[in-house]
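1. Give me coordinates for this.
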Amino acid sequence: MSDRKQVVIAGAGPVGMVAALKLAQTGLDVTIYEMGDDLSVDSKASTFHIPTLELCDELGLIDDMLEQGLMVPLFQQRDRKGGVIAQLDLSLLKDETKYPYRLQLEQSKFTRLVRNHLDKLPNAHLFYGAGVATAEDHTDYAVAILNDGTRVECDWLIGCDGANSMVRQSFGFEFPGETFAERFLVMSTTFEFRDVMTDLAEVAYITDPDEWMVLLKTPDHWRCLMAVSPDEDDDVAVTDERIQERLNSVLADLGHEHVDFPMVGKSLYRVNQRVAKNFAINRILLAGDSAHMNNPLGGFGMNSGIHDAWSAGDVIEAVELRGADAHKAAQIHGVVRSEVCHSYVQANTKKNFKDMQEKDEAARQARNAMLRALQDDVEAQKEYLRGTSMLTSAHEAIARVRNELAALSS
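-> Residues are numbered from 1 along each chain as shown. Predicted structure coming up:
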């Protein structure tokens with residue numbers, strides 16, 4: 001067995017990389033094991049919400065992020081055939097945060113800029129082609145067993161290794177929930193939708209009882225998210241012909257002629273709503289998709305995972321730097337992050353999915369009336385924005401973890 005490492009992180013996605021940088025900047029020794037040969041090029045997540053930007057500011061990442069990303073203060077709720085229902089303005093929160101906007105930045109770009117900061121820290125170590133295959137809990141320490149059989153003893157292990165997390169599975173943690181019958185298709189195109197939809201904001205949620213969609217502008221292209229019916233085969237759904245047909249049907253609803261969409265990427269994937277029964281066991285913590293999964297409507301997945309990573313870092317710092325009880329500190333992470341996942345992330349993403357495809361006309365009209373009313377009520381719109389941007393839930397959860405940890409250390 002190798003010499004004991006201080007903190008081991010399984011997975012070098014956005015969640016694992018943030019956890020690593022936060023801990024390494026405090027002087028703790030951090031080792032990341034990543035299954036892939038390099039950082040992933042997957043850009044499935046691209047939205048950074050206000051509280052996540054605030055945390056990235058604390059890490060010294062924000063200037064790089066703003067340089068590479070696209071600031072989006074406005075987002076829309078639209079009806080596919082009826083146009084704009086409401087346009088919401090995050091700049092109304094400018095007195096509450098330095099970052100009153102969303103930042104659109106693909107996660108593959110984000111992890112690379114985080115790596116640039118980690119590379120400057122001698123106590124941060126990143127190994128590729130070395131996934132964590134299983135893990136062991138020894139109460140006062142943990143063991144990560146790599147794919148090649150190497151046993152790595154560590155004071156702390158953070159599982160940031162995604163939906164199929166081997167860290168989570170090592171302990172038989174249940175991962176209850178559901179897998180949607182629909183699959184989600186993400187398409188990227190350089191076609192300028194605003195040439196057709198001249199009033200289109202850079203983020204738009206477009207509801208429809210038959211075929212909803214989300215349009216998000218990134219620095220390089222537009223990303224289009226649509227559901228694929230359970231009756232449609234995967235091989236058919238991703239053909240160029242079918243993608244062109246679906247995107248042109250959106251333009252046809254607006255009376256626009258057929259166009260040839262230049263495609264730069266496509267990805268079809270299963271969607272889950274799941275939450276692990278446990279987020280912590282002694283010195284092993286879970287964060288991100290290892291602990292919970294949700295549909296992408298609202299952009300909560302990566303953001304909530306980064307918030308998990310932040311609180312995991314707070315727990316380890318409280319124990320290693322201030323002498324808090326390790327078992328009690330870990331349980332604070334487990335309880336608080338599980339509660340906010342259930343009460344906010346899961347509840348709101350499920351509601352968003354229902355709203356996007358609502359078939360009951362009365363329910364659709366009631367929601368539309370609520371959204372329109374926000375245009376004339378600044379305070380109500382601010383409260384709505386605090387919720388959709390995760391501002392309230394993130395601030396409260398992070399503060400609760402820190403307050404409870406402070407009580408342990410006092």
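2. So, low pLDDT: which residues of this structure?
-> Within the chain, the ranges that satisfy pLDDT under 70 run 1-2.
3. Point to the residue nearest the middle of it.
-> What sits nearest the mean C-alpha location of the chain, by CA atoms, centre = their mean, is residue 302, with 1.2 Å.
4. That one reaches residue 107, doesn't it?
-> Yes: the pair residue 302 and residue 107 qualifies as a contact (CB atoms under 8 Å) at a distance of 6.1 Å. Quick note: C-beta positions are derived from backbone N, CA and C, even for glycine.
5. need the next SSE after the longest helix along the chain, C-terminal direction.
-> As assigned by DSSP state H, the longest helix anywhere in the chain is helix 301-322. Per DSSP states H and E, helix 301-322 leads on to helix 326-340 as the next helix or strand towards the C-terminus.
6. hang on, the earlier thing: Provide a list of residues in contact with the residue nearest to the centre of the chain.
-> 14-15, 45, 47-48, 52, 107, 288 (CB atoms under 8 Å, 6 or more residues apart in numbering).
7. One more pass at 6 Å, please.
-> 14, 45 (CB atoms under 6 Å, 6 or more residues apart in numbering).
8. And it, how far from residue 55?
-> Look at residue 302 and residue 55: by CB to CB, to the nearest Å, they are 12 Å apart.
9. Surely residue 154 and residue 5 touch.
-> Yes: between residue 154 and residue 5 there is a contact at 4.4 Å, judged by CB atoms under 6 Å.
10. Comparing these two, which shows the higher neighbour count?
-> More neighbours surround residue 154 than the other of residue 154 and residue 5, with 22 against 19 (other CB atoms under 10 Å).
11. Just the element for that one, please.
-> Using DSSP H and E, residue 154 falls within strand 151-159.
12. same thing with residue 17?
-> Assigned by DSSP H and E, residue 17 belongs to helix 14-25.
13. which strands and helices sit next to that helix?
-> strand 5-10, strand 30-34, helix 107-118, helix 301-322 (3 or more CB pairs under 6 Å, 6 or more residues apart in numbering; DSSP states H and E).
14. mind putting the ones you listed in TSV, distance to residue 182 included?
-> Rendered in TSV, the data for those read as follows (distance: least, CB to CB, whole Å):
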stretch	distance to residue 182
strand 5-10	30
strand 30-34	31
helix 107-118	23
helix 301-322	17
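15. relative to helix 326-340, how tilted is the longest helix of the chain?
-> 160 degrees (axes from the mean of the first three to the mean of the last three CA atoms, to 10 degrees).
16. now helix 301-322, how far from the centre of its chain.
-> 15 Å (CA atoms, centre = their mean, to the nearest Å).
17. which parts of it are buried?
-> For helix 301-322, a neighbour-count test (16 or more other CB atoms under 10 Å) marks 301-320 as buried.
18. Now do residue 130 against residue 309, distance only.
-> Look at residue 130 and residue 309: by CB to CB, they are 20 Å apart.
19. again, but for residue 273
-> For residue 273 relative to residue 309 (CB to CB), the value is 21 Å.
20. Now residue 309: closest residue in space that isn't a chain neighbour?
-> residue 19 (3.8 Å; CB to CB, 6 or more residues apart in numbering).
21. correction: residue 165
-> Per CB to CB, 6+ apart, closest to residue 165 is residue 290, 3.6 Å.
22. Which parts of the stretch 151-300 of the chain are helices?
-> Taking DSSP state H, counting those that start in this stretch, the helices of the stretch 151-300 of the chain run over residues 166-170, 234-237, 240-253.
23. among the ones you listed, which is the most enclosed?
-> helix 166-170 (a mean of 23; mean count of other CB atoms under 10 Å).
24. what's it packed up against?
-> strand 132-137.
25. 10 Å - rerun?
-> When contacts are defined as 3 or more CB pairs under 10 Å, 6 or more residues apart in numbering; DSSP states H and E, helix 166-170 packs onto strand 5-10, strand 132-137, strand 142-146, strand 151-159, strand 280-281, strand 284-286.
26. Let me have these in TSV, adding distance to residue 186 as columns.
-> TSV is the format used below for the helices and strands packed on helix 166-170 (distance: least, CB to CB, whole Å):
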stretch	distance to residue 186
strand 5-10	26
strand 132-137	28
strand 142-146	32
strand 151-159	26
strand 280-281	32
strand 284-286	26
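27. Could you count how many residues lie near the closest residue to residue 279 other than its chain neighbours?
-> Leaving aside its sequence neighbours, residue 279 sits nearest to residue 334 (CB to CB, 6+ apart; 4.1 Å). Neighbour count of residue 334, defined by other CB under 10 Å: 21.
28. ok, residue 334 touching residue 340?
-> No: if you go by CB atoms under 10 Å, residue 334 and residue 340 don't touch, sitting 11.6 Å apart.
29. shared neighbours of these two, anything?
-> Common contacts of residue 334 and residue 340 (CB atoms under 10 Å, 6 or more residues apart in numbering): residue 311.
30. hmm, back to that, how much space is there between the residue nearest to the centre of the chain and residue 366?
-> Counting by CB to CB, the gap from residue 302 to residue 366 is 31 Å.
31. Same check on residue 393?
-> Taking CB to CB, one finds residue 393 at 24 Å from residue 366.
32. Equivalent analysis for residue 285, please.
-> Distance check for residue 285 against residue 366: by CB to CB, it reads 41 Å.
33. again, but for residue 238
-> Residue 238 is 36 Å from residue 366, by CB to CB.
34. the more surrounded of those two?
-> Neighbours per residue, other CB under 10 Å: of residue 238 and residue 366, the larger number sits with residue 238, 16 against 12.
35. What's the local residue count around the spatially closest residue to that one that is not a sequence neighbour?
-> Among residues not flanking residue 238 along the chain, residue 268 sits closest, at 5.4 Å (CB to CB, 6+ apart). Residue 268 has 14 neighbouring residues, counting by other CB under 10 Å.
36. give the contact list for residue 388.
-> If you count contacts by CB under 10 Å, 6+ apart, then residue 388 has 49-50, 75, 88, 90, 102, 298-300, 348, 352 around it.
37. What of residue 286?
-> 10, 15, 157-161, 165, 167-168, 171, 173, 276, 278-280, 292, 308, 312, 333-334, 337-338.
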